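Enquirer: sequence plus the predicted model coming up.
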Amino acid sequence: MTKQTQQTLHNIFSNYMQEKTNFFKNRDALSSDYIPDDTPHRDDQIKNLGSILAPTLRGAKASNIFLYGKTGTGKTVITKYVTGELNKMNESIKIVYINCKMKRVSDTEYRLLAELAREMGRKVPATGLPTVQVYQMFLDCLDEKKTNVILVLDEIDALVKKIGDGILYNLTRINQNLKNSRVSIIGISNDTSFTDDLDARVRSTLSEEEIIFPPYNAAQLQDILKQRAELAFHKSVVEPGVIEKCAALAAQEHGDARRALDLLRMASEIAERLGKNRVTIDCVDRAEDKLDLDRVVEIVKTQPKQSQAVLASIIRLVEGGKKNIETGDVFSVYERICASSGLKVLTQRRVSDLVAELDMLGIINAKVVSKGRYGRTKEIRLQLGKRALERIRGVLKENYLIRDSIMEGAK
DNA sequence: GTCAATTCACATGAAAGAGACCACGGTCTAGTG
DNA sequence: CTAGACCGTGGTCTCTTTCATGTGAATTGACGA
């Protein structure tokens, strides 16, 4: 390292330190899992949830509760807030919060149970034990503690989608197997129609009470942002109009407060990086771009190689000017890509699934169409902006799945 | 011209295999007293 | 005698393959007017 680079690095760091102190009072206040003391426009839900959970203070079992609402409507924050307060009142109440969407939890019944047992303070191996045994461990744990347990299952719809509702059935009936403890379940779901495809018995026991979280409108989002901005920034760092813009953009996406906060946070980070002394509206625009871009690139990066190879073949076809890309086309290009990069060739069946996965991720758009006599297939289209495409090409190139020449592969 | 049968090119499902990982218990080995 | 190394067994997890079945409309071909 030369002296000069050392010097510039030093400058970067010291600038950063200075700006940080000038800019942010408390950066965390803009993070989406920050739990503020005051949550605007959610009084009803708080009161409701509070009164349902109140019986636990006297050692009784609370009704099971189901919370609905789109992403970023405050379900998680409110739940954490209320249960936190409850815990302050009576520390013997044990709150177990589990986000079912976390990779290491959601995939199988075993993992969920292991995580539950772990939350209760028992060590469980990541794999190796029979599932029944883990269930028993969890039960023992619960019973020997003699407490009132509130079990919060966040994003419960993801769980059921993966492993079915059998486990919920067991959980809802868990009280019958317990002598000393009581368990109440709070289920949180983004999907309002979620309970429709639940087993009837599970549905009735799980949603004894229901609370709905409607989306925020733009004005409400503004209140939230203002409150958080107050906490996060020093005085008058944010230009007028910035908060309004963030709120408006997020309101377009079903009133997602998380999105609004992300925008504001990203905008301020951009302002910071550009060395501005205030957050401008222009920064919000850039933030919106960057958030989308980052999301997509991150997704592609974390995909397994096979999936990337499939994406690469789609990109090749698109750049070769092919219209109406079908599964068969993708597969034959994919075969060649595998051959040239030494990757194992998967069956068409599998590739078809990979295409469906890419569709789920929103990177491509795959629509099943029937072409009558000429079969039935997926019509595949890329759903990437120009800049995103460029960066993804970069990622794929790193893995030798794509080369510079666009001509190759065109047909 | 009409209508049912055919046909294509996959989609979609279910089940099962391969190869990881891991815990647990038993056996072997070397170090210690 | 004991701690640790080293199996073998039995369990789960993820990614795949194999086998089977499903599907929607363009096309075909028989049929009747």
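Expert: Sure, I can see it.
Enquirer: right, and A:Glu208 touches A:Ile65 too?
Expert: Yes. Using C-beta atoms under 8 Å, A:Glu208 is in contact with A:Ile65, at 7.2 Å. For the C-beta atoms, the positions are set from N, CA and C on the backbone; glycine is no exception.
Enquirer: okay, those two: which has more neighbours?
Expert: Comparing A:Glu208 with A:Ile65 by neighbour count (other C-beta atoms under 10 Å), the higher total belongs to A:Ile65, at 23 against 15.
Enquirer: between A:Glu208 and A:Ile65, which contacts overlap?
Expert: Taking C-beta atoms under 8 Å, 6 or more residues apart in numbering as the contact criterion, A:Glu208 and A:Ile65 have no common neighbours.
Enquirer: how about the residues of the stretch 301-411 of chain A near DNA strand B?
Expert: A:326-329, A:348-349, A:352, A:355-356, A:368, A:372-378 (C-beta under 7 Å from any atom of the strand).
Enquirer: ok, and of the residues you listed, which contact DNA strand C?
Expert: Answer for those near DNA strand C (C-beta under 7 Å from any atom of the strand): A:349, A:372-376.
Enquirer: dump those residues into TSV; add pLDDT and neighbour count as well.
Expert: As requested, these are arranged in TSV below (pLDDT from 0 to 100; neighbours: other C-beta atoms under 10 Å):
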residue	pLDDT	neighbour count
A:Arg349	95	7
A:Gly372	88	7
A:Arg373	89	5
A:Tyr374	91	8
A:Gly375	90	11
A:Arg376	92	11
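Enquirer: what lies in contact with stretch A:131-143?
Expert: A:109-110, A:113-114, A:116-117, A:120-122, A:124, A:149, A:170, A:174, A:177-181, A:183.
Enquirer: mind checking how far A:Glu244 is from A:His254?
Expert: Remark: distance between A:Glu244 and A:His254 (C-beta to C-beta, to the nearest Å) = 18 Å.
Enquirer: same question for A:Arg42.
Expert: 16 Å.
Enquirer: more neighbours: the two, which one.
Expert: Between A:Arg42 and A:His254, counting by other C-beta under 10 Å, A:Arg42 is the more crowded of the two (22 against 14).
Enquirer: now do the same contact list for the more buried one.
Expert: A:74, A:78, A:213.
Enquirer: for DNA strand B, see how far away it is.
Expert: As judged by C-beta to the nearest atom of the strand, to the nearest Å, A:Arg42 and DNA strand B stand 38 Å apart.
Enquirer: likewise A:Asn48?
Expert: Distance from A:Asn48 to DNA strand B, counting by C-beta to the nearest atom of the strand: 37 Å.
Enquirer: of all the residues in the helix or strand harbouring that residue, which ones are buried?
Expert: Of the helices and strands defined by DSSP states H and E, A:Asn48 is found in helix A:43-53. By neighbour count on 16 or more other C-beta atoms under 10 Å, the buried set for helix A:43-53 is A:45-46, A:48-49, A:52-53.
Enquirer: again with stretch A:123-143
Expert: A:124, A:134-135, A:137-139, A:141-142.
Enquirer: format those residues as a markdown table; extra columns: distance to DNA strand C.
Expert: What follows is the buried residues of stretch A:123-143, written out as a markdown table (distance: C-beta to the nearest atom of the strand, whole Å):
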| residue | distance to DNA strand C |
| --- | --- |
| A:Val124 | 11 |
| A:Val134 | 8 |
| A:Tyr135 | 11 |
| A:Met137 | 13 |
| A:Phe138 | 14 |
| A:Leu139 | 17 |
| A:Cys141 | 18 |
| A:Leu142 | 20 |
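Enquirer: just these: which are in helices?
Expert: A:134-135, A:137-139, A:141-142 (DSSP state H).
Enquirer: among those, find me the one that's closest to A:Arg391.
Expert: A:Arg391 has its nearest neighbour among those in A:Val134, at 42.2 Å by C-beta to C-beta.
Enquirer: please report how far the closest one lies from A:Lys245.
Expert: 49 Å.
Enquirer: same thing with A:Leu151?
Expert: 40 Å.
Enquirer: just to revisit the earlier point, tell me what the helix holding A:Asn48 is packed against?
Expert: If contacts are counted by 3 or more C-beta pairs under 8 Å, 6 or more residues apart in numbering; DSSP states H and E, helix A:43-53 sits against strand A:65-69, helix A:75-89, strand A:209-213.
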